[in-house]
Each structure stands twice: as C-alpha cells, then as structure tokens.
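S.K.: Dropping a prediction and its sequence here:
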Amino acid sequence: MRMLTGFLTLLFCMVFGLAGPASAADAYPSKPIKLVVPYGAGNATDAAARLLAKFLEQELKTGVAVVNVVGAAGTIGSTQVLKAKPDGYTLLWNHLSLLTAYHTGASRFTWDSLTPICNGVRFYKALVVRGDAPWNNLKEFIAEAQKKPDAINWGVNIGAGLHFEALGFETMTDTKFHYVAGEGEADQINALLGGRIDVCTPSPQIVNQYKEDGRIRALATSTEKRLPSLPDVPTYQEEGIDLTFVYEPSLYGPPGLPAAIVATLNAAMAKIMKNPEFIEGLAKLAMDPAYMDQETFKKHLLKLDADLYMFARQGGLIPRQKI
Amino acid sequence: MRKDCVLGFLPPLIIIVACVFFWFALGELPLPRFEPMGPALFPKIVLGAIIGLTLLDMLCRGLGGNTAAAGEKAREGNDPASTRRTLICLSGFLFYLLLLDFTDISYLLLTFLFIAAECWYLGHCGRRALVLALIVGLGITALIYFIFGVVLQSFFP
Amino acid sequence: MDILGNIASGLDLICNLKILSIVILGTTLGIMVGVIPGLTATMAVALAIPMTFSMETMSGLALLISIYVGGMTGGLISAMLLNIPGTPGNIATTFDGYPMSMRGEPGRALGYGITASFLGGGFSYLCLLFLAPAIANLALKLNYFSIFSIIMCAMVMIADSSQGSMFKALAAGCIGMLAGLVGQDPIDASYRLTFDVYHLSAGFTEASVLIGVFAIPQLLSDMKNVDLRCPHFTVTYRNIIPKLVELRESAGLLLRSALIGTGIGIIPGVGASSSAIVAYNQAKATAKTPEKFGTGVKEGILAPEAANNAVSGGAMIPLLTLGIPGCPVAALLLSGLIIKDLQPGPALFSNNADIVYGFFLAFMLANLSMFFLMLAFIKPFAQVLKLPRYLLIPPILAFCTIGAFMSNNTMVDVWVLVGFGIFGFVLEKFGYPMAPFVLGFILGPPAELQLRRGLTYSRGDITLLFTDPVSVVFLILSLVILVLPLWQQMKLSRRMASDAHTS
C-alpha cells in the first residue's frame, strides 16, 4: 500500500513536473493579449476596444482581454503599458488624452515614450446640456457664457481630451467656464442630470438615448460634417467656431516593441478595418474606422502634438516641470 | 508590570514614528493646480488622524490602567512548542512562495509538495497523517489544476 | 413605462430550460468559488466573462448574474466556518457567525445567513423590478459631499462595532486608508507613498489585502491551536431552517437591513462591505442586549447578510440606468452588457425592455436557486468543521496563493497578501482590529475622490460639506456614533482608575 502510494506520487510528480508553464518561444501571439483601456467600462473608447477585441481575437487566433485601468486622465493605464514587457502581450488603447495629459502635466511622458503601432477608429463628441436648460441653441449658450464668466459648470476629466475640448472652446469663443472634476461619460451624465454640472461633452450616441425623455439636449457636435445620427444638431464649424475635435483611439505598445510584432499587429488591424461587420459595429457606436499604418501614424501624432501644445499655451496652461 | 507598561506603549510609538516618516515622504508632491486639495493633503489628514488617535489611546490607557492590555496578552497562552510550530509552518509557506517566484520549478509539483509536507508536519508527523497528507495534496493540486488550468484556461506562476 | 408588460416579456425570455440550467450551473459555480477562501466572487465573474462571448445575450448575462449571486453567498460559508470572509461583504458576518459555529451550532448559523441572504437579496430585486427608474432619479441627486459623509459614517460605524478600544479601531481604519492611498493619485497622477517601487505604482490589489489580512492571521492562530476541535454537533434540517417565529421577530431588522443594503448599493463606489457593517451596527444599536453581539447572536448574522445581498440589487440600478457600476462586479457586468451591444441608459429600458427585465428576473431566479442549493449543501459544508485542522490549513494557503496570483497574473499580489497578512497579525496582537483596516482600505480612495471632486464643484468652498442636507444628516450621525462610546469609555477608564486606586 505504501509502495503503491509512493509510486503513484512519483508518477504524478513526473507528469506535472513536465507540464510546465506555457513556453514563450512559440510564434507571436501564443498567449492571450491584454488590452489596457485607461478609462472606465462603458464609455465610447471602451466600447470600441471591446468591439476591436472581438475581431482581433478572430484575426490573431488568441484571446484578447480588455482591462480597464481608470484614473488621472488615462495616465495610470498608460503608465502600466509603459512599464510592461515589450513582448506584445500588453497593449494600450488610448487617444489624444495621452498627449493632452502630458501637456497639462498629469503625465510625465507622451506618445514618443511608447511604441505607436497604428491608428484605430475615430469618433467625435457632442456638446450637451440638460433638457430644461435656458439655452435653446449654441449662440444663446455662448452669449450667456460671455456675460457670466466662470459661472457655468463644465464637467471634464482633468488633463484628458474632454478638458482640452473645453479649453479649445473657450479659446475660440472667448468665454470662461468653471471646471468640475469627473471621470468618463457615465459619470458626466450622472452629474449633468443631477444638476452638479451644466454642460459636458459625451459621445453623440448618448443624446439619442435621451431623445425620448428629453432630459438631455445636444447643442452642437465637434465633427466636420453633421452626424447622420443627429441631423438637427449643427457642428461647431457651422456656428462659426473653428473647432473640430476628433478622438482617435489607437493602439500603442511598450517602448522597444520588436518590429515583427508591430508588423503582425498592423496587418491584423488593417484587415479588421476593412471588415464590413466591424464597420457596421462601429457605426452603431457612431464611429468610423481610421486606420493609419505606423509611419503615417507617427507623422500624424507629431502634428497633433504640436497643435495641442499650442492649445495648451493659448489656454493658459503651463505644463508642470518635467521630472 | 513595568515591562508590560513599556511594551504596551511600544507599538503606538512605532506607529507614530512611521507616520512622521510618511509625512515627510509625501513632502515633495506638487501643489494643486486644478483643485484646491492636491495630492498630498488627504494623506496628510489621514496621517494626522492616526497620530492623534494613537496619542488619545495612549492617554486613555495611561488613565485607565494597563489591565486591559495585560489581559489580552495573558489570554494568548504562549506555549513555546506551538509557537515554534507556527514559525516553521510560516517559513515553509514563505519558502514555497520563494521557490514559485524565483525558480522555474513547476507550480503543480511545488504545490503538491507544499501541501503534503505541511499537512504531514502539522499532523505531528504520524503515519496516518502522512497518507492523508499525500491524498489531500494530490486532491487539492488536481482540483486547482482542473479549475484554473482546464475550466478557466489561465496560467500558473 | 408598462412595468407589468415588461416583466411579462422578461419572464418570457428567461423561462426556458436552457436559461434555468445555466442559472443553476452558474450559482453552483459561484458558491464553489465563494466557499474557497482565497477566491472571491469578483474573480469568478471576471474569469467567466470570456465564456459569455459565444453565448446568447440572455444566457451570458444569466451566467454572470448567477455566478455573482452564488459567489456572494458562498463567501458567508467560509466566513462562518473558517473565520475568513469570502468577499468584503462577509466581513461583518464573521463577527457573530464564527462564534456561533464554534459553539457547536454551525448549521444554525449557516441557516440564518442563507435565509437572510435570500430575503435581503429578494427584497432588493423586487425593488429593482418595480422601482428601478424611480430610484434612479433619486440617486442622481446625491452630491459629492453626501457620498463622502456616508462613507465617513460607515467608517465610524465599523470602528464602533469592533472589539476593544475605539481609538485603536479608528486608527486601524485610518491606517487602512493610508494603505489604500498608496499608488497614483486619481486626479493628478502623482505617485504617493510608492518610494519609486514599480510594483507599488498601481497600489495594492484589494483582494490580496482583504484575504491576506483576514486569512493569514486566522491561519497562523489555527496553526498554533492545531489540535483544537470544534464541539461535537449534528446538523439536521430541522435545526438549519430558522423557525418562522424567529423570522417574524426579526422581520423589522431584516427589512431595515435590506433597505440599508439597497440604499448603499445605489451609491456608486461604496459597496457591500460598508452595507454589511452599517446593518450590523444598526442591529446592535436597536437590540435589547447589545453586549451579546460578537458572541454568536442571530441578529448579528441576519443583519449583515441581508444587507450585503441587497447591495447587488441596488447596484444594478445605476448600472442599467446610467452605466455607473456601483461595485467591482457591476463593472464586470457592464462590460458583459457592452460586449453584447447593450448601452445602459433610458434607451435600454425602452428598446430592450425584455432583456432588462429578464436581467432583473435572472437575479431573482439565481437568488431562489442559491437558496435551495445552499440548503442542500449546508450539511456537507458543515462537516468541514469536523475535519482535522492540519488537513485544512495548507490547502487554504495554496488557494490563497493561486487566488491572489489570478487577479493580475503576477506573484507581486501573492507577496502583498503575505505581507499584509503578517502586518495584520502583528497589529491584531496589539489590539488593532482588522475589519476597520480593510474597510478603510476599500473606502479611503473613493472618499478622497468625492471630496476633491466636490471641492472643484464648490470652487474650494468646504462649507458645502456642512450645508447639504444629506451630508449633514450623516455627519451628525457619525458624530453621535463617535462621541457616545468614547465618552462612555473615558468614563469607564476613569472609574476603573479610581477603583484601582481605592482597592
């Protein structure tokens, strides 16, 4: 009896001893990939990431898990990827908040510390107010804001794209608002409906949700042309404000990511962007595919960064000293 | 009684010293820019609260006598054999974790050995304990493998 | 909004064999995971999400919901039998559940816990079903400062409910808060108390801290008393199921606890742990013999268990109406919804009413199956107590290890677990209770966040904290709870001192 137990134990040990951890020497990707989304679950960027993850899984034949790491205008999530191993299993899905956070000093690094892989999708925001607000259109809103500077509460995620959009608006219309700190869209809508803020800029699809009960109204959108889902809402351009604010969540990797992995990912993304199912899914989220390969993307980022830096300077934001 | 007195005051003192240390560790955080509190204020409030409460507690105990503290210690029943056993078990556990983290030995093998060894040791190294320990070790390791490796398809350390 | 019609369509969606079997399977899985100390319900749901990708919407949601409900309740088993809470919401259950089991009445303790969970959860799901939109509007009005005050109140309540010196309990809570603040600042992104250690930059993982601080000290003392056996007991169905008479006596208590749980569930960021504590505290405050609490009193089990299950119903309201998750599992459910193209918001209620109400009804179904499954499992689970301790301790350690590893696939979490375990053990030896510590850890960051956001709203004006009506109510409550016992304690110590002098 004792000998049998001993023998079985030995056998067991051998079997499990051999079944070691998965070898990382296989071709990429051989393990599940972690896609870090530095914003809360449920908002536009996150929804796009989850849609992408579904298709990426099919393309790369491996699991793609979306992980939300919230905080500080997306910096906490971006920092995680910055410090991750450059083996292609930790990737970042972030948009221009990556750059704006650097200009406001919330982040100590910007896009060039990571490996930009490719551009992803594109979406815009809508300027919304409560249904019972006294302003019927954008002009009335701006007029009131100009009369009473620092009186209207605008909900932003300090340091993120939302913040810069508000700053851009202020610069272009010569107004001043009071910023109330918040997190993503759901949080902003909660505060808006609760009366704690008077205006915010969520993604356009939210507006349609409240069309029936009318508690939220859109005054304008930040797009180039009117959105098909919001045909009665003018764009900033139409109202004479030279502001187009585009959010382009894109794929980044840790610094030092091997070119081979970048190429694989680029190829997969390019294919997905042409997939009609994916495009349809995006359309439901009021987004468009906007693929750019690595080189084009880098050039795009350079220009975007310069523009945003100008915004920051004009808006009176002096970046914190670099540490 | 004197020794208990001093020992009783030692942990609160350590806590206060630690708090002061952390207070200074927070010193170089930047001033707030968009909101009035900034990153350092709330932690400092919390540290202040810890120091204040600890002082209050020392005061109260100073007033009310140390009978409560002495009572707590006495209840524990410090018998050296059991303490030694606990320490050995704990070190065994730490050793298991060190092996997991810093070597490439298979997780399943280490877990099986760990469970069997500690069960057997805690069972006072009897023969019956050995058999049971091996069975439990096998069973639990197999269970873990099944739940995490097969059903959930995750990875092991 | 035609509620009855929606309920009917929801029922339609879920009353089929496939969903029923999924619910039963999910609940069982959840219970299994919840029972094992070291694994939490959140982990179970997180690991189950990939399984739902290929499933139909309602099936996938039903699976996640039933795992959640099962996991929450499974946690009470390990809390009562091993003194290790399975989830943060079960912390308060250890106060009276474990003593009752150790007295030789584990079946009775489990019976109370399960019934309370069932009733509390059922109440909140009924609220969900009939009152969701109305409650959602109410929840909108909550101010940043009110939430801060509510959190402060919960912190003070747990200090009050802990054994020993109240100063030490409050200090433990503050130390916990400090531990929770380690990492990056949520608004500014500055590194706080990380001492440039990379692994600390994201802070400590909640599950590791919770399990470490409760499991390790308990296991260490178990190792010391390895030959201690539980008094002989028998478990029959008669002594498991609480008598109706007992339930009728405690009806008021159960209702209050369920209300507290639902209410706190609606507040984003607060969570089940605090609801259980608040409920425990109010049970103690309204009891005829409050000094018996902590020795194994049935009210001490009924109140927290009803409240922590009620939180799940309450948390679904802001989740579905606004997309704000009230607790970590809600966030996972949110991603489960998004994957299936369901955007939370009023449109969800009008366009996909059948799925929404099916969602609520799935909760009720899971609740029911949980009740019956748990009753069936009580007997085998209670037998665990009869097993010799030396066979239990190492497997629990192994589960703690793998559980901690699973949250983020890194050994760092395991070291955090061990580190906090030893830290907690030492602190407890010196009289600092761990329950307030864990609560402080969980609630510290949201408290700070709400306070700072509130200050940006009020333009730096802190007096709003004292003028907002809800905030004032909770601040006064906190003050009362704080001052009363302290005053009594000081009087007692002064009397003891004068007695010592005269004797």
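M.R.: Arrived safely, thanks for sending. Since the model is a prediction, treat every value here as computed from it, not as a measurement. Residues are numbered from 1 along each chain as shown, chains lettered A, B, ... in the order given.

S.K.: When you work out contacts or count neighbours from here on, use the C-alpha atoms and nothing else.
M.R.: Fine.

S.K.: quick check, A:N119 in a strand?
M.R.: Yes - applying DSSP: H, G, I helix; E, B strand; the rest coil, one finds A:N119 inside a strand.

S.K.: surely it meets A:D288?
M.R.: No - with contact defined as C-alpha atoms under 8 Å, A:N119 and A:D288 do not form a contacting pair (11.6 Å).

S.K.: Mind checking which of these two has more residues around it?
M.R.: A:N119 (28 against 20; other C-alpha atoms under 10 Å in any protein chain shown).

S.K.: beta partners of the more buried one?
M.R.: For A:N119, the beta-bridge partners are A:S250, A:M292 (DSSP bridges).

S.K.: ok, now A:L127?
M.R.: Here A:L127 sits in beta bridges with A:A220, going by DSSP bridges.

S.K.: how many neighbours does it have?
M.R.: 23.

S.K.: isn't it right next to A:V199, touching?
M.R.: Yes - the pair A:L127 and A:V199 passes the contact test of C-alpha under 8 Å, sitting 7.1 Å apart.

S.K.: Around chain C, pick out the residues from chain A.
M.R.: Counting by C-alpha under 8 Å from any C-alpha of the partner chain, the residues of chain A close to chain C are A:41-42, A:47, A:50-51, A:71-73, A:75-76, A:106-107, A:153, A:158, A:179-182, A:186-187, A:189-191, A:193-196, A:206, A:208-210, A:212-213.

S.K.: Select only the buried ones of those in ChimeraX?
M.R.: This is the ChimeraX syntax for the buried subset of those, where burial follows 16 or more other C-alpha atoms under 10 Å in any protein chain shown:
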select /A:41,42,47,50,51,71,72,73,75,76,106,107,153,158,179,180,181,182,186,187,189,190,191,193,194,195,196,206,208,209,210
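
S.K.: Now tell me which helix or strand of chain B has the poorest mean pLDDT.
M.R.: Least confident helix or strand of chain B, by mean pLDDT, DSSP states H and E, is helix B:67-76 with a mean of 46.

S.K.: how about C:A287, secondary structure?
M.R.: C:A287 ends up coil, using three-state DSSP.

S.K.: Just the pLDDT for it.
M.R.: What the model reports as pLDDT for C:A287 is 80.

S.K.: and C:M43, that one's in a helix?
M.R.: Yes - per three-state DSSP, C:M43 lies within a helix segment.

S.K.: Ignoring the adjacent residues along the chain, who's closest to it?
M.R.: Closest residue to C:M43 apart from its sequence neighbours, by C-alpha to C-alpha, 6 or more residues apart in numbering or on different chains: C:S407 at 6.7 Å.

S.K.: where do the strands sit along the chain?
M.R.: You didn't pick a chain, so chain A it is. For chain A, the strands defined by DSSP state E occupy A:33-37, A:64-68, A:90-94, A:115-122, A:126-130, A:153-156, A:178-181, A:199-200, A:216-221, A:250-253, A:288-292.

S.K.: Switch to chain B, please.
M.R.: Counting by DSSP E, chain B contains no strands.

S.K.: Which part of it gets nearest to chain A, residue-wise?
M.R.: B:S106 (5.2 Å; C-alpha to the nearest C-alpha).

S.K.: so who does C:S201 touch?
M.R.: C:S201 makes contact with C:182-184, C:191, C:194, according to C-alpha atoms under 8 Å, 6 or more residues apart in numbering or on different chains.

S.K.: Let's see that with 10 Å instead.
M.R.: Counting by C-alpha atoms under 10 Å, 6 or more residues apart in numbering or on different chains, C:S201 makes contact with A:76, A:79-80, C:182-185, C:190-195.
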